[in-house]
Structure formats: C-alpha cells, structure tokens
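Visitor: structure for this input, please:
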Amino acid sequence: MPKSSTSYICQQCGYESPRWLGRCPDCDAWNSFIETLRTKTAASPPNSGKATSAISAITDVEATIGQRYSTEIGELDRVLGGGLIPGSVVLVGGEPGIGKSTLMMVAAHRLSNSTDRAVIYFSGEENPAQLKTRAKRINAVGPSLLVSAETELDSILALIQSKQPLAVVVDSIQTVYDSRLESPPGTVSQIRGCAQHLLASAKESDTAIFLVGHVTKEGLMAGPKLLEHIVDTVLYFEGDRHHNYRLLRAVKNRFGASDELGIFEMTDAGLIEITNPSQLLLSERSTGLPGSAVTTTLEGSRPLLTEIQALVTRSFLANPRRVINGLDYNRTGMLLAVLEKRLGFRLGDQDVFMNVTGGIRLIEPATDLAVTLAVTSSFRDEPCDSLTVAIGEVGLSGEIRSVSRLDVRLREATRQGFQRAIVPRASWSKIHSKLGIEVVPVNALPQAISAMFGIKKG
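Guide: Numbering: from 1, shown residues only. Okay, here's the model as predicted:
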C-alpha cells in the first residue's frame, strides 16, 4: 500500500527538509517552508532489461525543428529567436501589472488569425466575460481565440488533446492544480508537477505552450526558479509599471539567442512595439550638461545607444554614498577605483550617483569607457561632446581593451546622427571598411579623456 510521509518544502527554491525551518539554507528565504504530504509507492519490479523506447544514432534522426510560426509581434518574435516553435514551452515572468497578460492576449489573438488552428487562453484569474472585456480594449477579439477559466490540470490536458490547438496560454501557472497532489495551488510541488505534465503534452501534441508566472516582491519567480530548467524558453518582463516602457528579455532559449531584448510601450490600447529603441532611449537627452556620456551596447544581435548619467558631488557623510541604477555595482566601484588610482581623481570624499536612462540594465564591459567619461565629466564639471559615443572595456591598469562587433555598434551610432566615436585601438585595427563616422582609437584611459574633452575644447 502507498505510504505517506510529511516533509517541508521551500516555496522559493524547492529545497526539501524533514522538519520546519525558519530560514531556507539554500536561498536564504524566511518563513518559506510549507508542510507537504508526500505519498510513496512501492518500487515496481525491473523490466528484465527490455527497452521501453526506441534508440537511434543521431545521424539517423530527422531534424524537424525549424518551422516557426510568427506571432505577428516583431519584438516577441525577436526574443523567441525568430518565431514560435511548435511543441515548445515558454515561461513568461514579471511583476504584477507589468503587461504579461496583455502581451499574451495579443499574441494569442494574432497567432489564431494567422493560421487555421485555434489558440486556447486558460485564465485562472479572470472569467471569460472579463477576458473578453480586456480583449476588446486591446482589439484582440477573434473566432479562433478560445478562452477558458479552467484550472484543473486533467481538464486542461483533455481540452488540449481534443482541440489540438496551435498554441496555449496558461495564465498563470500558479493557479493550475493537480487534484492528485495534496498541496494547494501555487506551491512548489503543484507548480513543478503541473509544468512537467504540460511539457509532456506540448511535446506529444506539437502544441506550443506559454506559461505565465508572477515575480515575488524579492524579484524571484514565484515558486519557480526550478521551472527554468523544465521549459525551453524563459522570458522576463522588466521595467517600472508606473512608466510606459517595458523590456522583454530572453534569459534562456533552446532555439535561439539567450540575450535578445524586445522593447514595448504600454498604452491604453495595449503594448506597442518600439522599432527604433536607440532613438527612444536618447529622445529626452539634454546636451551641453556635465555628467552624461553615450555608448553603444549589444542586446543579443541588436545594438542600442544608451545614455549613462553621473553625478559626483561633495559628501558630508563619513561614508560617501554610491547609488548605482542600471549598472553592476561592483564593476562601477572598480571603475571609480581606476579613476582614483590611475588619474588621481579624489573620489573618496565624493558622493557618486550613476543612472542608465530608459530603464535599461547594462551588463557588458563595453560600456566601461562611457561610465568613466560620465564620471569624469561630472567631477570636472565639463560636458562631454554631444556628438561623440564612447565604446570600450577599461582594465585595472587603465588600458582600453577590445570589444566585439565594433562595426555593428558604429553603424548604429552613425544611423542615429553621431559624428565621432572613441574606441579601442585593438578593435579598430581589425576593421577595414569606412563606416561614415570619425573614429578616435585609443589605448588607455588618459587618451580617451583627452580625446573627449579635447574635442569639446576645439
């Protein structure tokens, strides 16, 4: 007979303990353990060595993945790697109110209109009447878009089996439950079990499934960092829900690049794609003021021009403040140390505030040079040249190191009207074509600072 036992599972990371713990030893979350009844069944006898599934040489396997369906939303197709793969499972996460349901409703509607197969939208948070009200507001009403408020796993799987839809949206995975499990909906065991069954259904029926997941106040996917290992693609919505712009970032993609970025604007009529994000990010830029520098960063295959702002001011505190938004805190601290050691800037008694406009988070080292020039500009109270971009990684000895795909970055700067670029000499020496922009190659940070502010003086 089945034997039952009790264990305690962390609802943030899935760590399991035989007793209740106040703090999870794996993810450090407090009061996250919930008692869960687990049923153990007797081990089944071995199958006497008989294979239960076919095995083939990889050279004999027919590669069928390649057909993609466009969602008719260019920015979503971009982060998916070019479109939706049949049978794939996509996890879409973000804070409440950020726009996940709006994007999924529009994508479901356009998918259903572009093919002859239906798309099902399962919502455990709204009834069909509420779904239609929202769909009418964003112009996403069509006969091929089916809606349901079903949350029981077996019923959802039965509907998928009977309708054979092109795609399914489950909004959200926290509301779906398997009646065979003792734990309530939203717990780790329910989310993990339901996601695995939906994954199996997607692979069997060739139905693409979107799983919508909420983010907790700590910024973690509720229940489910472990879902990232189950699904094929993980997309995160970023941005402040009190502002208009939304960033959709791919952090995992088995069928495409894992660092692509889509940009949207939230309006009363839903999400609108931003086709020229560089222009958007620089649209409110003020020229002629100290503490601002422009760089070109790569988000996947897309170059983006972004403005980095710095404010350096005398501190009246024993420990001067370092407030960093949109940049890595530790790397920015390293760059400040380089400026102090190599160039003699006395920043130890200065408050330093850094910001990346537009809500973009910059993580690649190619933005180092713009960070140092923005700090230099504010510290010296001298504006950077408004028509110059700065690209390059800064080393600990103050050297300017090479960056990848410099030609792509420079073409984007030229397209946006910039006339000069300060770049690493090592990267520029590998480019043999004219790019329509004046290039100032440098080897070290002092040369870059002289070039930037020398241009201004000249």
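Visitor: residues of the helix or strand residue 133 falls within that come out buried?
Guide: For residue 133, the element it lies in under DSSP states H and E is helix 128-137. Residues 131, 135 are the ones in helix 128-137 that count as buried (16 or more other Cβ atoms under 10 Å). The C-beta positions use only the backbone N, C-alpha and C, and glycine is treated the same way.
Visitor: got the contact list for that helix?
Guide: Contact partners of helix 128-137, identified using Cβ atoms under 8 Å, 6 or more residues apart in numbering, comprise 101-102, 105, 109, 121, 123, 126, 141, 145, 147-149, 268-270.
Visitor: now the helices for the stretch 201-350 of the chain?
Guide: 227-230, 277-281, 329-343 (DSSP state H, counting those that start in this stretch).
Visitor: related to what we said a few turns ago, so which of the contacts of helix 128-137 sit within strands?
Guide: Here DSSP state E is the test, and those give 121, 123, 145, 147-148, 270 as lying in strands.
Visitor: if you rank these by neighbours, which is first?
Guide: Comparing these by number of neighbours (other Cβ atoms under 10 Å), residue 121 comes first, having 28 neighbours.
Visitor: give me the beta-bridge partners of that one?
Guide: residue 147, residue 169 (DSSP bridges).
Visitor: contacting residues for it?
Guide: 104-105, 108, 131, 145-148, 168-169, 171.
Visitor: where does the closest residue to residue 431 other than its chain neighbours fall, secondary structure wise?
Guide: Take residue 431 and drop its neighbours on the chain: the residue closest to it by Cβ to Cβ, 6 or more residues apart in numbering is residue 407, 5.4 Å away. Secondary-structure assignment from DSSP H and E places residue 407 in helix 406-415.
Visitor: which other helices and strands does that helix contact?
Guide: Here helix 406-415 touches strand 292-299, strand 302-314, strand 420-424, going by 3 or more Cβ pairs under 8 Å, 6 or more residues apart in numbering; DSSP states H and E.
Visitor: now the angle from it to strand 420-424?
Guide: 160 degrees (axes from the mean of the first three to the mean of the last three Cα atoms, to 10 degrees).
Visitor: report the mean per-residue pLDDT for helix 406-415.
Guide: The average pLDDT within helix 406-415 is 95.
Visitor: from residue 320, how far off is the spatially closest residue to residue 295 that is not a sequence neighbour?
Guide: Of all residues not flanking residue 295 in the chain, residue 370 sits nearest, at 3.5 Å (Cβ to Cβ, 6+ apart). Computed as Cβ to Cβ, to the nearest Å, the residue 370 to residue 320 distance reads 22 Å.
Visitor: so between these two, which is more surrounded?
Guide: With neighbours defined as other Cβ under 10 Å, residue 370 and residue 320 compare such that residue 370 has more, 30 against 16.
Visitor: what residues are up against that one?
Guide: 293-295, 308, 389-391 are the contacts of residue 370 under Cβ under 8 Å, 6+ apart.
Visitor: can you tell me the helix or strand for residue 385?
Guide: Following DSSP H and E, one finds residue 385 outside all helices and strands.
Visitor: check the offset of stretch 25-37 from the chain's centre.
Guide: 26 Å (Cα atoms, centre = their mean, to the nearest Å).
Visitor: going forward, begin numbering at 42 instead of 1
Guide: In the new count, where the first residue is 42, that last one comes out as stretch 66-78.
Visitor: show residues contacting it.
Guide: Identification of contacts with stretch 66-78 by Cβ under 8 Å, 6+ apart yields 45-54, 56, 58, 61-65, 223-224, 228, 230, 259, 261.
Visitor: which of those fall in strands?
Guide: Among the contacts of stretch 66-78, the members found in strands (DSSP E) are 45-51, 58.
Visitor: report the two of these separated the most.
Guide: Spanning the widest gap among the ones in strands among the contacts of stretch 66-78 are 45 and 51, at 20.5 Å by Cβ to Cβ.
Visitor: how is the chain carved up into domains?
Guide: 44-81, 110-315, 321-498 (automatic domain parsing).
Visitor: dump these into a markdown table; add distance to residue 103 as well.
Guide: Output for the domains of the chain, formatted as a markdown table (distance: least, Cβ to Cβ, whole Å):
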| stretch | distance to residue 103 |
| --- | --- |
| domain 44-81 | 36 |
| domain 110-315 | 14 |
| domain 321-498 | 29 |
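Visitor: quick one, which of these is nearest to residue 101?
Guide: Among the domains of the chain, the nearest to residue 101 by Cβ to Cβ is domain 110-315 (19.7 Å).
Visitor: what's the end-to-end length of that closest one?
Guide: 21 Å (Cα to Cα, to the nearest Å).
Visitor: average pLDDT for it, rounded please.
Guide: Across domain 110-315, the average pLDDT comes to 88.
Visitor: what's the closest non-adjacent residue to residue 292?
Guide: residue 275 (5.0 Å).
Visitor: scratch that, residue 127
Guide: residue 247 (4.5 Å).
Visitor: burial count for that neighbour?
Guide: The tally of other residues near residue 247 (other Cβ under 10 Å) stands at 13.
Visitor: still on that earlier bit, just the buried members of the ones in strands among the contacts of stretch 66-78?
Guide: Buried, going by 16+ other Cβ under 10 Å: 48-51, out of those.
Visitor: helix, strand or coil for residue 152?
Guide: helix (DSSP: H, G, I helix; E, B strand; the rest coil).
Visitor: from residue 225, how far off is it?
Guide: The gap separating residue 152 from residue 225 is 32 Å, by Cβ to Cβ.
Visitor: more neighbours: which of the two?
Guide: Applying other Cβ under 10 Å to residue 152 and residue 225 shows that residue 152 carries more neighbours, namely 25 against 11.
Visitor: now for the more buried one: which residues touch it?
Guide: Per Cβ under 8 Å, 6+ apart, neighbours of residue 152: 110, 112-113, 125, 160, 207-208.
Visitor: I'd say residue 297 and residue 291 touch.
Guide: Yes: with contact defined as Cβ atoms under 8 Å, residue 297 counts as touching residue 291 (7.2 Å).
Visitor: tally of neighbours for the closest residue in space to residue 477 that isn't next to it in sequence?
Guide: Nearest residue to residue 477, sequence neighbours excluded (Cβ to Cβ, 6+ apart): residue 455, at 4.7 Å. Residues lying near residue 455 (other Cβ under 10 Å) number 15.
Visitor: for residue 455, give me its contacts.
Guide: 476-478 are the contacts of residue 455 under Cβ under 8 Å, 6+ apart.
Visitor: same check on residue 202?
Guide: By Cβ under 8 Å, 6+ apart, the neighbours of residue 202 are 242, 246.
Visitor: that one falls within a helix, correct?
Guide: Yes: counting by three-state DSSP, residue 202 falls inside a helix.
Visitor: tell me how far it lies from residue 317.
Guide: Residue 202 is 44 Å from residue 317, where distance means Cβ to Cβ.
Visitor: with residue 69 instead?
Guide: 42 Å.
Visitor: one more: residue 307?
Guide: With the distance defined as Cβ to Cβ, residue 307 ends up 17 Å from residue 317.
Visitor: ok, the two, which is more surrounded?
Guide: Taking neighbours as other Cβ under 10 Å, residue 307 and residue 317 compare with residue 307 leading, 19 against 11.
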